[in-house]
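> Let's see this in three dimensions:
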Amino acid sequence: MSPALAPEKPFVKKAEKDFADAINPGVKDLIADAARHNASSDASADKTMVINMGPQHPSTHGVLRLVVEIDGETVVGLAPDIGYLHTGIEKTCEAKFYQQVVPLTDRIDYLCPMTNNLAYCLAVEKLLGLEIPERAQYLRVLFNELTRIQSHLVWLGTHAMDIGALTVFLYCFREREQLLRIFEAVSGQRMMTSYVRIGGLSLEPPLDLYDSIRTFLKEFPSKIEQYEGLLQTNPIWMSRLKGVGYLSPEDAIALGVTGPPLRASGVDFDVRRDMPYSSYEKFQFSVPVSNEGDVWARYIVRMQELRESIKICHQALDGLPEGRIVADAPKIILPNREQMKTQMESLIHHFKIVTEGFAVPAGQVCSSVEAPHGMMNYFVVSDGTAKPYRVHMRNPGFATLQALETMCKGRLLADIVAVIGSIDIVLGEIDR
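All right, here's what the predicted structure looks like:
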């Protein structure tokens, strides 16, 4: 006797319909057009084909699905289908105390956790009216620039590997390992650092750590030259990058592109210089810009940014002021352990901050920072309680991904890999 089939449940059909309705409209239109075209009676050889790239694909740098329409080997349409890594992190923030949101921001972009920490903390600090000590501001700059170098190393290594240059990948991750050890020494974590806190920093860096940072900064310029020697003398690398994935400055601005892809299209904009924060106005650095607008230009801009970050780190170390690393706000910032053990008032403050949080004046603030991938915005709304009413992240990768079709249309299918590598996306920040 054959087993009876389970009866169809109405809610299953409804869920399937809801899922189909929720698909990216661009993806739905592309699939529908291709289906109509392929189902037509015309059997000519110039029909286009729709293929899936991802969501599991080594060159999409995350769980990204691209619906690509091709005519032979030429891309005629492309639609990103995102959301596979959606976690609802913005909604989760509304159920946490303000200080508990900081570890959540680490998870937005695993390549620049300190930058996300900083963007969020700047917004809350504006609402609180906190004055951050200058030493803390300099250390924030130092570790955010080291984070930028670490992120660019991952970009360069994976981008090179996508094109076939495996050696550069190994070299980049060799240097990245040194930076991860520095982050571990200062925060206790290699990646999800939660080092930047509301009002300052969590810990004073160990004194011997500064020597480790200086050693890295002294040796790293020769490593950059090593990468360039391996890549820029390689004719395959040059031919795969030059003239590929063009993005005009007008399209870049219209699509909301920021960061290296924007500057590689000839638009001279950098939040650190044009909207300075955390004492960046005291640092001398250049903003690399290129007018070519192709994959090669985006490579050149980031390589120059590595050198500029080294300059900024040297300035931060040489000019590091003495003083506190947290603001003078005992009802907002946890006291150190010695104070908590010896002073009753500090113990009370510690207890109340941990159990009740701290109220933030009602209002709304948007903070902007220059992340490795582009301009990052945190919009924080307070209703006067100890938990945020709303936290919204405007991450650079979401806007940059929308420009992918513009950069790939008319190019070969194989060029999609080079273009994706050049825009340096992280799906965690896109899907949130």
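
> Starting from Pro58, give me the distance back to Val417.
Relative to Pro58, Val417 is positioned 9 Å away (Cβ to Cβ, to the nearest Å). Glycine gets a C-beta too; all of them are placed from N, C-alpha and C.

> next one: Pro133
Distance from Pro133 to Pro58, counting by Cβ to Cβ: 45 Å.

> More neighbours: which of those two?
Pro133 (19 against 10; other Cβ atoms under 10 Å).

> Now the more buried one. Nearest residue, chain neighbours left out?
Arg324 (4.6 Å; Cβ to Cβ, 6 or more residues apart in numbering).

> Please look at the one you found and Glu134 and confirm they touch.
No - using Cβ atoms under 8 Å, Arg324 is not in contact with Glu134; the gap is 9.4 Å.

> Would you map the strands across this protein?
Assigned strands in the chain, in chain order: 49-53, 65-71, 74-81, 196-197, 200-201, 363-371, 374-382, 390-394 (criterion: DSSP state E).

> would you list those in a markdown table and tack on distance to Leu153, mean neighbour count and mean pLDDT?
Putting these into a markdown table (distance: least, Cβ to Cβ, whole Å; neighbours: other Cβ atoms under 10 Å; pLDDT from 0 to 100) gives the following:
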| stretch | distance to Leu153 | mean neighbour count | mean pLDDT |
| --- | --- | --- | --- |
| strand 49-53 | 26 | 15 | 86 |
| strand 65-71 | 25 | 20 | 88 |
| strand 74-81 | 25 | 20 | 89 |
| strand 196-197 | 21 | 25 | 93 |
| strand 200-201 | 23 | 24 | 92 |
| strand 363-371 | 15 | 20 | 94 |
| strand 374-382 | 17 | 22 | 94 |
| strand 390-394 | 24 | 18 | 93 |
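
> mind checking which of those strands is nearest Arg107?
Nearest to Arg107 among the strands of the chain is strand 390-394 (11.0 Å), distances taken as Cβ to Cβ.

> The closest one: how far from the chain's middle?
Centroid separation between strand 390-394 and its chain, computed with Cα atoms, centre = their mean, to the nearest Å, is 14 Å.

> Pull the residues that contact that strand.
Residues from elsewhere that reach strand 390-394 (Cβ atoms under 8 Å, 6 or more residues apart in numbering): 90, 93-94, 101, 105, 108, 116, 119-120, 375-381, 429, 432.

> That strand pairs with which strands?
strand 374-382 (antiparallel) (DSSP bridges).

> between the partner strand and strand 363-371, how big is the angle?
For strand 374-382 against strand 363-371, the angle by axes from the mean of the first three to the mean of the last three Cα atoms, to 10 degrees is 160 degrees.

> hmm, who's touching strand 374-382?
Here strand 374-382 makes contact (Cβ under 8 Å, 6+ apart) with 105, 115-116, 119-120, 122-124, 127, 257-262, 271, 360-370, 388-397, 399-400.

> Repeat the analysis, applying 7 Å as the threshold.
Strand 374-382 is contacted by residues 115, 119-120, 123-124, 127, 258-259, 262, 271, 360-369, 388-396, 400 when judged by Cβ atoms under 7 Å, 6 or more residues apart in numbering.

> Please apply the same query to stretch 236-252.
Residues outside stretch 236-252 that contact it (Cβ under 7 Å, 6+ apart) are 163-165, 231, 261-262, 265-267, 293-296, 299, 403, 406-408, 411, 415, 418-419, 422.

> Can you tell me which of those are buried?
Burial by neighbour count, judged by 16 or more other Cβ atoms under 10 Å, picks out 163, 165, 231, 261-262, 265-267, 293-296, 299, 403, 406-408, 411, 415, 418-419, 422 from these.

> Kindly tell me how buried the residue nearest to Pro133 is, as a neighbour count.
15.

> And for Arg174, the neighbour number?
Neighbour tally, Arg174, other Cβ under 10 Å: 12.

> One more: Leu207?
With neighbours defined by other Cβ under 10 Å, the count for Leu207 comes to 7.

> where are the low-confidence patches of the chain?
Confidence mapping of the chain against pLDDT under 70 gives the ranges 1-46.

> Please parse it into its domains.
23-81, 89-426 (automatic domain parsing).

> So which of those domains is the most surrounded?
Highest mean neighbour count of the domains of the chain: domain 89-426, a mean of 19 (counted as mean count of other Cβ atoms under 10 Å).

> How about the contacts made by Arg176?
Arg176 touches Gln150, Leu153, Val154, counting by Cβ under 7 Å, 6+ apart.
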